[in-house]
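Participant: model the structure of this input:
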Amino acid sequence: MAEISASTVMELRKMSGQGMMNCKKALQESSGDIKGAMEILRKKGLATLAKRAGRATSEGVVLAKNCPDGNVTVMVSLCCETDFVAKSEAFLAAVDTLADYAIPCPEFEGIDNLLKVEIDGKKFDEVLNELISQTGEKIEIGDYQKYRVAPTDPTELTCKYIHFNKKVGVMVMIETNDPKVAAAEGLKKAGTEVAMHIAATNPLALDKDGIDPEIIEQEKAIIAEQVKDKPANIIGKIVEGKMRKFFAENCLLQQPFVKDDSKTVAEVIAQAGKEAAGQAKIKQFVRFTVG
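Facilitator: Numbers count the residues shown, from 1 in each chain. Okay, the predicted model is just below:
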């Protein structure tokens, strides 16, 4: 068996984040070859993932990040088995790295494509396998989303909010009629407050057109069942009234704003746009949650 120097073990430990004994064993298996030892550690990570395939990943972290030029904002979630791992330095570093990989990944493509993105010759699935090997837990990407603002005509802006527990995150894209309006601090503040509102209220959609028709029909059926003993000539009106309330509670634009329930969310953003001498409205939003 090849003699493995302490400096080689330390070098592999720095590269992989593994414990001393795991690094030493991998180097012994690879006859002192660091690249070979890294491959052995990665395979062990895959073996751990396969062994824990049925385990629940109910813990984790949500992170939102801007690219350097500010035109792209991404939000990602990375999930694991225990809160202990979710709070570890290695896991938090991996979430930050995942956001870096999500920035160049094309929009609207699946998680499998994100795993194959390369930065400096390294794919994210390699980063993931190393973390799995290091922690001994099942770890997987929960989701990712990217919003892009056109640099040539920046009339849109993206606001983000991550809850203090790092388990809920929101991105909101706002469209305006002028770059100066999009750059207004008052609108940015209002957008961030709306992101906080979404984190708290968890709306089903932007407006009623965004709600699955099947959900709407189910809700109507539930209401109709609840009022079936009422006079036939008023059942339709009762269902209609309760559905208006349902949409007001579950559609973001119609929801009363949590910080001032005398206004709807749509009115809050419109007012912020008006104060910036223009027009503003919410274009889209996304909300991630872990656990």
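
Participant: now the strands for the stretch 51-200 of the chain?
Facilitator: 59-66, 72-80, 118-119, 122-123, 140-148, 156-162, 168-176 (DSSP state E, counting those that start in this stretch).

Participant: would you put the C-alpha positions of the last one in CSV?
Facilitator: Right, the one you point to is strand 168-176. Only the C-alpha atoms of strand 168-176 are listed here, as CSV (Å, rounded to 0.1, in the frame of the first residue of the first chain):
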residue,chain,number,x,y,z
VAL,A,168,-39.4,30.8,2.2
GLY,A,169,-38.4,33.0,-0.7
VAL,A,170,-40.2,35.3,-3.2
MET,A,171,-39.3,37.1,-6.5
VAL,A,172,-41.6,39.7,-8.0
MET,A,173,-41.2,41.2,-11.4
ILE,A,174,-42.8,44.7,-11.9
GLU,A,175,-43.3,46.3,-15.3
THR,A,176,-43.4,50.1,-15.8
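
Participant: partner strands of it, with direction?
Facilitator: strand 156-162 (antiparallel), strand 280-289 (antiparallel) (DSSP bridges).

Participant: highest average neighbour count across those strands?
Facilitator: Highest mean neighbour count among the strands paired with strand 168-176 (mean count of other Cβ atoms under 10 Å): strand 156-162, with a mean of 22. Every residue, glycine included, has its C-beta placed from N, CA and C.

Participant: quick one: mean pLDDT over that one.
Facilitator: The average pLDDT within strand 156-162 is 96.

Participant: what angle separates that strand from strand 59-66?
Facilitator: 150 degrees (axes from the mean of the first three to the mean of the last three Cα atoms, to 10 degrees).

Participant: quick one: strand 156-162 to strand 72-80, angle?
Facilitator: Orientation of strand 156-162 against strand 72-80 (the same axes, to 10 degrees) gives an angle of 30 degrees.

Participant: angle of strand 156-162 against strand 140-148?
Facilitator: Using the same axes, to 10 degrees: strand 156-162 against strand 140-148 is 150 degrees.

Participant: quick check, central residue of the chain?
Facilitator: Centroid-nearest residue in the chain, with Cα atoms, centre = their mean: V76, separated by 3.7 Å.

Participant: can you lay out the strands of the stretch 51-200 of the chain as TSV showing distance to V268?
Facilitator: As requested, the strands of the stretch 51-200 of the chain are arranged in TSV below (distance: least, Cβ to Cβ, whole Å):
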stretch	distance to V268
strand 59-66	21
strand 72-80	21
strand 118-119	39
strand 122-123	42
strand 140-148	20
strand 156-162	12
strand 168-176	11
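
Participant: does L12 touch Q28 like I think?
Facilitator: No. Judged on Cβ atoms under 8 Å, L12 makes no contact with Q28 at a distance of 11.2 Å.

Participant: so between these two, which is more surrounded?
Facilitator: L12 (24 against 16; other Cβ atoms under 10 Å).

Participant: hmm, back to that, so for the residue nearest to the centre of the chain, what's the nearest residue that isn't a sequence neighbour?
Facilitator: Nearest residue to V76, sequence neighbours excluded (Cβ to Cβ, 6 or more residues apart in numbering): Y144, at 4.4 Å.

Participant: right, and L115 touches V127 too?
Facilitator: No. Look at L115 against V127 with Cβ under 8 Å: they stay out of range, at 9.4 Å.

Participant: end to end, how far does stretch 12-32 reach?
Facilitator: 10 Å (Cα to Cα, to the nearest Å).

Participant: cool, and stretch 257-275?
Facilitator: Distance across stretch 257-275, first residue to last, is 18 Å (Cα to Cα).

Participant: quick one: mean pLDDT over that stretch.
Facilitator: Rounded mean pLDDT across stretch 257-275 is 97.

Participant: then stretch 202-218?
Facilitator: In the prediction, stretch 202-218 has an average pLDDT of 92.

Participant: buried sites along that stretch?
Facilitator: Across stretch 202-218, burial judged by 16 or more other Cβ atoms under 10 Å covers 203-206, 208, 211.

Participant: closest to E185 among those?
Facilitator: L206 (24.3 Å; Cβ to Cβ).

Participant: so how far is F285 from that closest one?
Facilitator: 7 Å (Cβ to Cβ, to the nearest Å).

Participant: just M171 next, same as before
Facilitator: Taking Cβ to Cβ, one finds M171 at 7 Å from F285.

Participant: quick one on the thing from earlier: okay, the strands paired with strand 168-176 in CSV with distance to A224 next?
Facilitator: CSV is the format used below for the strands paired with strand 168-176 (distance: least, Cβ to Cβ, whole Å):
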stretch, distance to A224
strand 156-162, 38
strand 280-289, 30
